[in-house]
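Trainee: Kindly generate the corresponding structure for this input.
(one chain, ligands or ions: 2)
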Amino acid sequence: RMKFIIGIGGVTNAGKTTLTERLIKNLPNCCVIHQDDFFKPQDQIEFGEDGFKQWDVITSLDMDAMVNTVKGWMENPEKFARSHGVTVSPKSDSSDPEHKIHILIIEGFLLYNYKPLLDVYSKCYYVTIPYGECKRRRSMRTYTVPDPPGLFDGHVWPMYLKYRQEMENNRLDIQYLDGMRTKDDLYNQVYKGIQNSLLNVL
Ligand SMILES: Nc1ncnc2c1ncn2[C@@H]1O[C@H](COP(=O)(O)OP(=O)(O)O)[C@@H](O)[C@H]1O
Ligand SMILES: O=C(O)c1ccc[n+]([C@@H]2O[C@H](COP(=O)([O-])O)[C@@H](O)[C@H]2O)c1
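Mentor: Ligands and ions are numbered 1, 2, ... in the order given. Okay, the predicted model is just below:
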(Lines give C-alpha, C1' and ligand atoms only; values in the text may rest on other atoms or scores of the structure.)
(Ligands and ions follow the chains in the order given, each with its own letter.)
Protein backbone atom coordinates (compact mmCIF):
# COMPACT_ATOMS: atom_id res chain seq x y z
CA ARG A 1 0.00 0.00 0.00
CA MET A 2 0.96 3.62 -0.62
CA LYS A 3 1.96 5.76 2.34
CA PHE A 4 0.94 9.40 2.49
CA ILE A 5 1.92 11.85 5.25
CA ILE A 6 0.04 15.13 5.68
CA GLY A 7 1.33 17.96 7.88
CA ILE A 8 -1.23 20.26 9.52
CA GLY A 9 0.91 23.03 10.98
CA GLY A 10 0.07 26.53 12.05
CA VAL A 11 0.02 29.11 14.78
CA THR A 12 -1.50 28.30 18.18
CA ASN A 13 -5.33 28.22 18.11
CA ALA A 14 -5.49 28.45 14.31
CA GLY A 15 -7.87 25.47 14.26
CA LYS A 16 -5.37 22.66 13.56
CA THR A 17 -6.89 20.14 15.96
CA THR A 18 -10.47 20.89 14.88
CA LEU A 19 -9.55 20.38 11.24
CA THR A 20 -7.47 17.27 11.96
CA GLU A 21 -10.20 15.54 13.97
CA ARG A 22 -12.65 15.91 11.11
CA LEU A 23 -10.14 14.70 8.52
CA ILE A 24 -9.23 11.54 10.43
CA LYS A 25 -12.92 10.65 10.71
CA ASN A 26 -13.36 10.86 6.93
CA LEU A 27 -10.10 9.63 5.42
CA PRO A 28 -9.47 5.90 5.00
CA ASN A 29 -6.80 4.10 7.06
CA CYS A 30 -5.83 7.37 8.68
CA CYS A 31 -3.66 7.69 11.80
CA VAL A 32 -2.70 10.87 13.65
CA ILE A 33 0.26 12.14 15.65
CA HIS A 34 -0.23 15.27 17.77
CA GLN A 35 2.93 17.26 18.47
CA ASP A 36 1.38 18.50 21.74
CA ASP A 37 1.77 14.97 23.10
CA PHE A 38 5.55 15.44 23.02
CA PHE A 39 5.88 18.42 25.38
CA LYS A 40 8.53 17.75 28.00
CA PRO A 41 7.43 17.72 31.66
CA GLN A 42 7.04 21.14 33.27
CA ASP A 43 10.17 20.82 35.42
CA GLN A 44 12.30 20.44 32.29
CA ILE A 45 11.06 23.67 30.72
CA GLU A 46 13.55 26.48 31.31
CA PHE A 47 12.93 30.14 32.08
CA GLY A 48 14.07 32.58 29.39
CA GLU A 49 15.33 36.14 29.43
CA ASP A 50 11.75 37.21 28.72
CA GLY A 51 10.91 35.94 32.24
CA PHE A 52 8.61 33.19 30.98
CA LYS A 53 8.88 29.41 30.91
CA GLN A 54 9.91 28.65 27.33
CA TRP A 55 7.01 26.49 26.13
CA ASP A 56 6.95 27.80 22.58
CA VAL A 57 10.44 26.76 21.51
CA ILE A 58 11.41 23.53 19.76
CA THR A 59 13.51 22.36 22.75
CA SER A 60 10.36 22.23 24.93
CA LEU A 61 9.35 19.21 22.86
CA ASP A 62 10.88 15.74 22.83
CA MET A 63 11.35 15.83 19.06
CA ASP A 64 13.40 12.62 18.98
CA ALA A 65 10.47 10.75 20.50
CA MET A 66 8.17 12.33 17.93
CA VAL A 67 10.49 11.31 15.07
CA ASN A 68 10.56 7.76 16.42
CA THR A 69 6.77 7.67 16.53
CA VAL A 70 6.62 8.82 12.90
CA LYS A 71 9.21 6.18 11.97
CA GLY A 72 7.10 3.58 13.76
CA TRP A 73 4.17 4.42 11.54
CA MET A 74 6.36 4.43 8.41
CA GLU A 75 7.80 1.00 9.20
CA ASN A 76 4.43 -0.62 9.80
CA PRO A 77 1.35 1.57 9.34
CA GLU A 78 -0.94 -1.42 9.68
CA LYS A 79 0.44 -2.31 13.10
CA PHE A 80 0.52 1.36 14.16
CA ALA A 81 -3.15 1.70 13.21
CA ARG A 82 -4.14 -1.43 15.11
CA SER A 83 -2.27 -0.39 18.25
CA HIS A 84 -3.87 3.08 18.10
CA GLY A 85 -7.40 1.80 17.65
CA VAL A 86 -7.69 2.80 13.99
CA THR A 87 -9.77 0.46 11.86
CA VAL A 88 -7.93 -0.61 8.72
CA SER A 89 -9.93 -1.58 5.68
CA PRO A 90 -9.23 -5.14 4.50
CA LYS A 91 -6.59 -5.50 1.77
CA SER A 92 -8.95 -7.63 -0.28
CA ASP A 93 -11.18 -4.60 -0.72
CA SER A 94 -9.18 -3.57 -3.79
CA SER A 95 -12.22 -2.43 -5.72
CA ASP A 96 -11.92 0.93 -4.01
CA PRO A 97 -8.59 2.59 -4.84
CA GLU A 98 -8.85 4.80 -1.74
CA HIS A 99 -8.26 1.79 0.44
CA LYS A 100 -4.92 1.00 -1.16
CA ILE A 101 -3.42 3.76 0.92
CA HIS A 102 -2.24 4.43 4.46
CA ILE A 103 -2.49 8.04 5.62
CA LEU A 104 -0.77 9.74 8.55
CA ILE A 105 -1.66 13.25 9.71
CA ILE A 106 0.95 15.05 11.82
CA GLU A 107 -0.55 18.06 13.59
CA GLY A 108 1.25 20.75 15.54
CA PHE A 109 2.52 24.31 15.96
CA LEU A 110 6.19 23.65 15.14
CA LEU A 111 6.00 21.02 12.40
CA TYR A 112 8.35 22.50 9.85
CA ASN A 113 11.22 23.58 12.09
CA TYR A 114 12.95 20.29 12.84
CA LYS A 115 15.39 19.06 10.20
CA PRO A 116 14.85 15.27 10.61
CA LEU A 117 11.13 15.75 9.95
CA LEU A 118 11.30 18.15 7.01
CA ASP A 119 11.32 15.56 4.23
CA VAL A 120 8.68 13.10 5.46
CA TYR A 121 5.67 15.08 4.25
CA SER A 122 3.75 14.32 1.08
CA LYS A 123 1.74 17.48 1.66
CA CYS A 124 2.33 20.45 3.99
CA TYR A 125 -0.48 22.69 5.23
CA TYR A 126 -0.07 25.72 7.48
CA VAL A 127 -3.07 27.46 9.07
CA THR A 128 -2.76 31.14 9.95
CA ILE A 129 -4.89 33.67 11.85
CA PRO A 130 -4.06 37.32 12.59
CA TYR A 131 -2.65 38.52 15.91
CA GLY A 132 -5.93 39.81 17.36
CA GLU A 133 -7.91 36.67 16.65
CA CYS A 134 -5.07 34.48 17.90
CA LYS A 135 -4.87 36.40 21.18
CA ARG A 136 -8.65 36.24 21.59
CA ARG A 137 -8.90 32.47 20.97
CA ARG A 138 -5.87 31.80 23.17
CA SER A 139 -7.41 33.75 26.07
CA MET A 140 -10.39 31.36 26.03
CA ARG A 141 -8.24 28.22 26.10
CA THR A 142 -6.82 26.42 29.12
CA TYR A 143 -3.71 24.27 28.73
CA THR A 144 -2.38 21.68 31.20
CA VAL A 145 -0.21 24.55 32.43
CA PRO A 146 -2.32 27.73 32.29
CA ASP A 147 -0.80 30.81 30.62
CA PRO A 148 0.62 33.31 33.13
CA PRO A 149 -0.42 36.95 32.51
CA GLY A 150 1.48 38.50 29.60
CA LEU A 151 2.63 35.19 28.10
CA PHE A 152 0.97 35.75 24.75
CA ASP A 153 2.61 39.09 23.98
CA GLY A 154 5.83 38.34 25.86
CA HIS A 155 6.55 34.85 24.55
CA VAL A 156 3.94 33.04 22.40
CA TRP A 157 3.55 35.57 19.58
CA PRO A 158 7.25 36.61 19.36
CA MET A 159 8.30 32.93 19.17
CA TYR A 160 5.65 32.27 16.52
CA LEU A 161 7.09 35.09 14.37
CA LYS A 162 10.63 33.83 14.88
CA TYR A 163 9.86 30.20 13.98
CA ARG A 164 7.63 31.16 11.11
CA GLN A 165 10.53 33.12 9.58
CA GLU A 166 12.83 30.15 10.13
CA MET A 167 10.26 27.83 8.53
CA GLU A 168 9.97 30.05 5.49
CA ASN A 169 13.75 29.97 5.11
CA ASN A 170 13.52 26.16 4.88
CA ARG A 171 11.81 26.53 1.48
CA LEU A 172 9.27 23.74 1.88
CA ASP A 173 6.31 23.54 -0.47
CA ILE A 174 3.72 24.77 2.02
CA GLN A 175 0.08 25.43 1.30
CA TYR A 176 -1.18 28.24 3.52
CA LEU A 177 -4.75 28.12 4.84
CA ASP A 178 -6.76 31.08 6.10
CA GLY A 179 -7.92 30.06 9.58
CA MET A 180 -10.46 32.92 9.61
CA ARG A 181 -12.68 30.96 7.25
CA THR A 182 -15.40 28.77 8.72
CA LYS A 183 -14.59 25.29 10.02
CA ASP A 184 -16.66 23.82 7.18
CA ASP A 185 -14.87 25.88 4.50
CA LEU A 186 -11.46 24.91 5.83
CA TYR A 187 -12.37 21.27 6.04
CA ASN A 188 -13.89 21.14 2.54
CA GLN A 189 -10.87 22.88 1.01
CA VAL A 190 -8.36 20.54 2.63
CA TYR A 191 -10.41 17.38 2.08
CA LYS A 192 -10.69 18.18 -1.63
CA GLY A 193 -6.98 18.98 -1.83
CA ILE A 194 -6.08 15.65 -0.25
CA GLN A 195 -8.47 13.76 -2.52
CA ASN A 196 -6.78 15.35 -5.54
CA SER A 197 -3.31 14.50 -4.27
CA LEU A 198 -4.36 10.90 -3.64
CA LEU A 199 -5.77 10.59 -7.15
CA ASN A 200 -2.38 11.69 -8.46
CA VAL A 201 -0.34 9.21 -6.43
CA LEU A 202 -2.62 6.18 -6.70
N1 LIG B 1 -12.42 27.96 11.47
C2 LIG B 1 -12.62 28.37 12.73
N3 LIG B 1 -13.31 29.52 12.98
C4 LIG B 1 -13.52 29.95 14.24
N5 LIG B 1 -13.08 29.31 15.34
C6 LIG B 1 -12.39 28.17 15.17
C7 LIG B 1 -12.11 27.63 13.86
N8 LIG B 1 -11.42 26.48 14.01
C9 LIG B 1 -11.25 26.32 15.33
N10 LIG B 1 -11.84 27.30 16.05
C11 LIG B 1 -11.86 27.46 17.51
O12 LIG B 1 -10.60 27.95 17.92
C13 LIG B 1 -10.16 27.32 19.13
C14 LIG B 1 -8.85 26.59 18.87
O15 LIG B 1 -9.10 25.53 17.95
P16 LIG B 1 -8.11 24.28 17.86
O17 LIG B 1 -8.60 23.41 16.76
O18 LIG B 1 -7.96 23.64 19.21
O19 LIG B 1 -6.75 25.03 17.44
P20 LIG B 1 -5.24 24.54 17.47
O21 LIG B 1 -5.22 23.03 17.49
O22 LIG B 1 -4.65 25.10 16.20
O23 LIG B 1 -4.61 25.16 18.68
C24 LIG B 1 -11.30 26.39 19.53
O25 LIG B 1 -12.12 27.08 20.43
C26 LIG B 1 -12.03 26.12 18.22
O27 LIG B 1 -13.40 25.83 18.42
O1 LIG C 1 0.12 20.78 26.18
C2 LIG C 1 0.80 21.23 27.11
O3 LIG C 1 1.23 20.50 28.05
C4 LIG C 1 1.15 22.70 27.11
C5 LIG C 1 1.71 23.28 28.22
C6 LIG C 1 2.02 24.61 28.17
C7 LIG C 1 1.79 25.35 27.01
N8 LIG C 1 1.24 24.76 25.94
C9 LIG C 1 1.02 25.56 24.73
O10 LIG C 1 0.58 24.77 23.65
C11 LIG C 1 0.69 25.57 22.50
C12 LIG C 1 0.71 24.72 21.25
O13 LIG C 1 -0.49 23.99 21.12
P14 LIG C 1 -1.69 24.51 20.20
O15 LIG C 1 -2.67 23.39 20.25
O16 LIG C 1 -2.22 25.78 20.80
O17 LIG C 1 -1.10 24.74 18.85
C18 LIG C 1 1.95 26.40 22.69
O19 LIG C 1 1.69 27.74 22.31
C20 LIG C 1 2.24 26.27 24.21
O21 LIG C 1 2.38 27.54 24.83
C22 LIG C 1 0.92 23.46 25.97
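
Trainee: contacts, neighbours, all on C-alpha from now
Mentor: Noted.

Trainee: Who are the contact partners of the residue lying closest to residue 151 once chain neighbours are set aside?
Mentor: Computed as Cα to Cα, 6 or more residues apart in numbering, the closest residue to residue 151 that is not its neighbour in sequence is residue 52, at 6.9 Å. Contact analysis of residue 52 by Cα atoms under 8 Å, 6 or more residues apart in numbering lists 151, 154-155.

Trainee: can I get those in JSON lines with pLDDT, secondary structure and distance to ligand 1?
Mentor: Output for the contacts of residue 52, formatted as JSON lines (pLDDT from 0 to 100; DSSP: H, G, I helix; E, B strand; the rest coil; distance: Cα to the nearest ligand atom, whole Å):
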{"residue": "151", "pLDDT": "98", "secondary structure": "helix", "distance to ligand 1": "16"}
{"residue": "154", "pLDDT": "97", "secondary structure": "helix", "distance to ligand 1": "18"}
{"residue": "155", "pLDDT": "97", "secondary structure": "helix", "distance to ligand 1": "16"}
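
Trainee: Now for whatever residue of the chain ends up closest to ligand 2: which residues touch it?
Mentor: Nearest residue of the chain to ligand 2: residue 12, at 3.6 Å (Cα to the nearest ligand atom). The contact partners of residue 12, taken as Cα under 8 Å, 6+ apart, are 109, 134, 138.

Trainee: export these to JSON lines and tack on pLDDT, distance to ligand 1 and secondary structure?
Mentor: Formatted as JSON lines, the contacts of residue 12 follow (pLDDT from 0 to 100; distance: Cα to the nearest ligand atom, whole Å; DSSP: H, G, I helix; E, B strand; the rest coil):
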{"residue": "109", "pLDDT": "98", "distance to ligand 1": "7", "secondary structure": "coil"}
{"residue": "134", "pLDDT": "99", "distance to ligand 1": "9", "secondary structure": "helix"}
{"residue": "138", "pLDDT": "98", "distance to ligand 1": "7", "secondary structure": "helix"}
